[in-house]
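Visitor: I need the structure of the sequence given here:
(one chain, ligands or ions: 1)
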Amino acid sequence: MLVSKDICVLAYSGGLDTSVAIRWLQEDKGVDVVALAVDVGQERQDLELVRTKALSIGAVESIVKDVREEYVEDFLAKALRANALYENKYPLLSALSRPIIVKHLVEEAHRHQARYIAHGCTGKGNDQVRFEVGIAALDPDIEVLAPVREWDLRTREEEMEYAASRGIPVPTTKKSPYSIDDNLWGRAIECGVLEDPWEEPPADIYTLTSDARGDECGSEPEYVELSFEQGVPVALDGEEMTFHEIINAMNELAGKHGFGRIDMVENRLIGVKSREVYEVPGALTLITAHKALEDLCLEREVLHYKLGVEQKWAELVYNGMWFSPLKEALDGFIDTTQQLVTGDVRLRFFKGSCVTVGRRSPYSLYDYSLATYDAEDTFDRGAAKGFIDLWGLPTRVWARQRRKVGKEGEV
Ligand code: ARG
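Guide: Next up is the predicted model:
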């Protein structure tokens, strides 16, 4: 009787690690491998080639899924409305793409009645956590295999040898010293000389942004107007476009002006500090504009409270908790705040900078007659006096007490 093997759905990128993983899973784990490559807008590689490559290495089935629309609508829209920046800097491009990949891995696993899901992450990064916690949240019974963390191919040379001896295609070009991950929300670059946080990143690591000191940036400022509805961009310079199109257009335009480079040391969940370089022209532009509109449309207490929620949201997503009750609850709060975040923001790009120069909204809470120092002023200055008396009352009481005990003027 023929005993059918267990099935393992592998998150496949077409690179060396996950290609070797196909064979390793077959040989060492005795499973049939279904390869799944997910298109989240990475720099164009031929995904049909990726698909056939997995089959040629021995996958029993190979699937490519273009999930860009879903990524934009369900993941990036939430991130933008949350102004999500981990440690106030990093727009989470890798952290946002992992949960959508997870969602499709689990879907395919169910469709194939697979026992396992495998990923190609190393044992030192955040991504392994995002995959495994994400999978557990969507199906706590699926078992995870992490070949790269488990196998004893210690160096890239050993991996190449393993591949060559089994007829797995090995990269012919010299490997870039960098580890790169990218999608519609930007590009992450790590390793190589970047591992020395004192070293300035070499000019050639960048592909999405021009050097702000160079000529590609142009010598003239450029203005754009972004229109938002309920916290999501819907038009560029008055022309209706999808959020997806606007992301592409902003990556292009801000990138051309050299805006959107980040060089930071960040705290990984597993406890290691790492030096990371990001190119995020579109993401940072959109967050800048979105915040400017919120400044106009959100009531003070909501705005202030939301800042804390944003930080927690970013931390949860960074730490692999996209599918978690707290993250979902925070989404609920953020949704409520975005009902009236509708209006236009004008930005000026110039030599590496992106500045908000104008904002307007039918729901603006900015009241000219309250703000102005001109004749139209309706602000009740008389009320200010009583307000300050009461606001400052505890401080006055405290100061009197200090005087009594001879510590006047000391804090
Ligand atoms: N440090 C970032 C994060 O954890 C980027 C990781 C990028 N991954 C990569 N394989 N280069 O979200």
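
Visitor: show me the residues around the closest residue in space to residue 222 that isn't next to it in sequence that make contact.
Guide: Sequence neighbours aside, residue 349 is the residue nearest to residue 222 in space, at 4.9 Å (criterion: Cβ to Cβ, 6 or more residues apart in numbering). Where C-beta positions appear, they are placed from N, C-alpha and C, glycine not excepted. Contacts for residue 349 were tallied using Cβ atoms under 8 Å, 6 or more residues apart in numbering; they are 221, 222, 223, 224, 253, 254, 257, 259.

Visitor: What parts of the chain come near the ligand?
Guide: 94, 95, 126, 127, 179, 180, 181, 188, 190, 276 (Cβ under 6 Å from any ligand atom).

Visitor: hmm, which of these are the buried ones?
Guide: Buried residues within these, counting neighbours by 16 or more other Cβ atoms under 10 Å: 94, 95, 126, 127, 181, 188, 190, 276.

Visitor: Which ones among those residues lie within helices?
Guide: Within these, membership in helices is found for 94, 95, 127, as judged by DSSP state H.

Visitor: for this protein, which spans come out with low pLDDT?
Guide: Of all residues in the chain, those with pLDDT under 70 make up the ranges 1-2.

Visitor: how about the strands in the stretch 201-350 of the chain?
Guide: Along the stretch 201-350 of the chain, counting by DSSP state E, counting those that start in this stretch, strands occupy 222-229, 232-236, 239-240, 261-267, 273-279, 343-350.

Visitor: what's next to the third one, contact-wise?
Guide: In other words, strand 239-240. Counting by Cβ under 8 Å, 6+ apart, the neighbours of strand 239-240 from elsewhere in the structure are residue 234.

Visitor: Please shift the residue numbers so they start at 466 in all later answers.
Guide: Understood, numbering begins at 466; the last thing we discussed is strand 704-705.

Visitor: Residue 735 against residue 589, yeah?
Guide: Yes. Counting by Cβ atoms under 8 Å, residue 735 touches residue 589, with 6.6 Å between them.

Visitor: Extract the C-alpha trace of stretch 619-627 and format it as PDB.
Guide: Coordinates of the C-alpha atoms in stretch 619-627 are reproduced here as PDB (Å, rounded to 0.1, in the frame of the first residue of the first chain):
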ATOM      1  CA  ARG A 619      27.000  26.700   8.600                       C
ATOM      2  CA  THR A 620      28.400  28.800   5.800                       C
ATOM      3  CA  ARG A 621      27.200  30.000   2.400                       C
ATOM      4  CA  GLU A 622      29.900  27.800   0.800                       C
ATOM      5  CA  GLU A 623      28.500  24.700   2.500                       C
ATOM      6  CA  GLU A 624      25.100  25.600   1.300                       C
ATOM      7  CA  MET A 625      26.400  26.200  -2.300                       C
ATOM      8  CA  GLU A 626      28.100  22.700  -2.100                       C
ATOM      9  CA  TYR A 627      24.900  21.100  -0.900                       C
END
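
Visitor: Show me how far it is from its chain's centre.
Guide: 31 Å (Cα atoms, centre = their mean, to the nearest Å).
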